[in-house]
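S.K.: below is the sequence, then the predicted model.
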Amino acid sequence: MQAETDARCRALTELRPVSAEEYRTIGRTCVANDAWHAAYASEASAPFLAAYQRDAIQAYTTTRLH
């Protein structure tokens, strides 16, 4: 999951620099924003996916972006 999270972060930073805090906010938005959460949780087999994505971004920013 960290490799995928890294790829997403790199793709985002190709558009513009993104701080660790901004990327953490994106992770929190996966859960907090109703539309984003619904998109992640719409698959009945993966209702936990939004929280998993948030946690992966949190771990990534802690270990790689400081």
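M.R.: Arrived safely.

S.K.: residue 16 and residue 65: what is the separation?
M.R.: Between residue 16 and residue 65 the distance, using C-beta to C-beta, to the nearest Å, works out to 15 Å. (Glycine included, C-beta is placed from N, CA and C.)

S.K.: between those two, which one's more packed in?
M.R.: A count of neighbours by other C-beta atoms under 10 Å puts residue 65 above the other of residue 16 and residue 65, at 15 against 7.

S.K.: right, and that one touches residue 22 too?
M.R.: No: proximity of residue 65 to residue 22 does not meet the contact threshold set by C-beta atoms under 8 Å, at 9.6 Å.

S.K.: where does pLDDT dip in the chain?
M.R.: Judged against pLDDT under 70, the low-scoring parts of the chain cover residues 41-45, 66.

S.K.: name the nearest residue to residue 21, ignoring sequence neighbours.
M.R.: Distances taken as C-beta to C-beta, 6 or more residues apart in numbering put residue 61 closest to residue 21, at 8.0 Å, once the chain neighbours are dropped.

S.K.: got a list of what the residue nearest the centre of the chain touches?
M.R.: Centrality entry for the chain: nearest residue to the mean C-alpha point is residue 27, 3.6 Å, by C-alpha atoms, centre = their mean. Applying C-beta atoms under 8 Å, 6 or more residues apart in numbering to residue 27 gives the contacts 53, 54, 55, 56, 57, 58, 61.

S.K.: any idea how far it lies from residue 1?
M.R.: 12 Å.

S.K.: and residue 18, by the same measure?
M.R.: If you measure residue 18 against residue 1 using C-beta to C-beta, the figure is 19 Å.
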